[in-house]
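Participant: Quick one, fold the following:
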Amino acid sequence: MMSAPDPVAFTAFGIDVMWYGVLIGIGFFLAILLCYRRAPEYGIKSDTIIDFAIVLIPVSIVCARAYYVFFSWDHYRGDISAILNVRNGGLAIHGGIIGGIIAAVLFCIVKKICFFDLADLIFPTVALAQSIGRWGNFFNSEAHGGPTDLPWAIEVNGQMVHPTFLYESIWCFCLFVFLSILMKRRKFAGQLTCLYGILYSAERIMVEQLRTDSLMIGPFKQAQVLSMTVIVICVIMYITLQKKQK
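Facilitator: Next comes the predicted model:
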C-alpha cells in the first residue's frame with residue numbers, strides 16, 4: 001500500500017518547489033540529453049536540438065495547460081490566477097504533444113529539416129519523459145483510478161484506488177525501451193512516430209477507463225476520443241509512409 005507523500009519537494013527563498021514541477025523538469029532534461037546524443041544518427045546536428053528545446057519547452061507547457069483549462073473551463077472561469085498556477089498540476093499531455101508537433105513543423109520548415117526524422121528522434125524520449133513526469137500525479141494525489149482492493153493500490157483521501165499514474169509510467173518506460181531498440185532498425189522515416197501514436201494511445205484508452213478525473217467531451221472521455229482518432233490517423237500514416245518508402 002502506498003500513500004502520497006508531501007507534494008512539496010523543498011522550499012527555496014520562501015517559495016515551495018513542487019515535486020510535480022521537479023519531475024517534469026527531470027523528464028524534459030533527460031529527453032533533451034538523449035536527443036542531443038542521438039541526433040547525428042538522423043543527420044541532425046546536436047546543437048539543433050538545443051535550439052528546438054528552447055522553442056519546444058515553453059510552447060508545450062503553455063499548450064498542455066491551455067488544453068487542460070479548455071476542457072475544465074467551468075472550474076477556471078473568471079479566475080486568472082488559478083489558470084496561471086500550474087504548480088499543483090493540470091497539464092494535459094495531449095495538449096503538450098499537439099503544441100510540440102506544431103512547433104516542430106514550423107521549426108523544420110525554418111531549419112529545412114525532415115519533420116519525420118526529427119519526430120522519430122524525439123518521440124521515444126517523449127515516452128521516457130512521460131514515464132517520469134507521471135509520478136508528479138502521485139505526489140499531487142491526482143490522475144488516479146477508482147476503488148480497488150489490489151495489493152498495489154494507493155490511498156487517496158482514505159480510500160484505496162487504482163494507481164493509474166503507475167500503470168502509465170510503466171507502459172511509457174517500456175515504450176521508450178521498445179522504440180529505442182527500433183531506432184537503428186527503422187524501415188522508413190515516420191515509423192517510430194506512428195508506433196508511438198498507436199501504442200501510447202492504446203494504453204491511454206485502457207487506463208482512462210479506470211480514471212475518475214477524466215476531461216470530458218459531453219458524455220465521452222476526451223482522452224479516449226482523441227486516442228482512438230490518433231490510432232486511426234497513425235495507422236493510415238504508417239501504411240502510406242511504408243508504401244512511399246518501398
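
Participant: pLDDT below threshold where in this structure?
Facilitator: Low-confidence segments of the chain, defined by pLDDT under 70, span residues 1-4, 87-88, 246.

Participant: spatially speaking, which residue is in the middle of this protein?
Facilitator: residue 93 (4.1 Å; Cα atoms, centre = their mean).

Participant: these two touch, right, it and residue 65?
Facilitator: No. Assessed by Cβ atoms under 8 Å, residue 93 is found out of contact with residue 65, at 11.5 Å. (C-beta placed from N, C-alpha, C; glycine too.)

Participant: export stretch 106-120 as PDB, just CAs?
Facilitator: The C-alpha coordinates for stretch 106-120 follow below in PDB (Å, rounded to 0.1, in the frame of the first residue of the first chain):
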ATOM      1  CA  LEU A 106       7.400  25.200 -38.100                       C
ATOM      2  CA  PHE A 107      10.900  24.600 -36.800                       C
ATOM      3  CA  CYS A 108      11.600  22.000 -39.500                       C
ATOM      4  CA  ILE A 109      10.400  24.400 -42.200                       C
ATOM      5  CA  VAL A 110      12.700  27.200 -41.000                       C
ATOM      6  CA  LYS A 111      15.700  24.900 -40.500                       C
ATOM      7  CA  LYS A 112      15.000  22.800 -43.600                       C
ATOM      8  CA  ILE A 113      14.900  19.500 -41.600                       C
ATOM      9  CA  CYS A 114      12.800  16.400 -42.400                       C
ATOM     10  CA  PHE A 115       9.900  16.500 -39.900                       C
ATOM     11  CA  PHE A 116       9.700  12.800 -39.600                       C
ATOM     12  CA  ASP A 117      13.400  12.400 -38.900                       C
ATOM     13  CA  LEU A 118      13.100  14.900 -36.000                       C
ATOM     14  CA  ALA A 119       9.800  13.300 -34.800                       C
ATOM     15  CA  ASP A 120      11.400   9.800 -34.800                       C
END
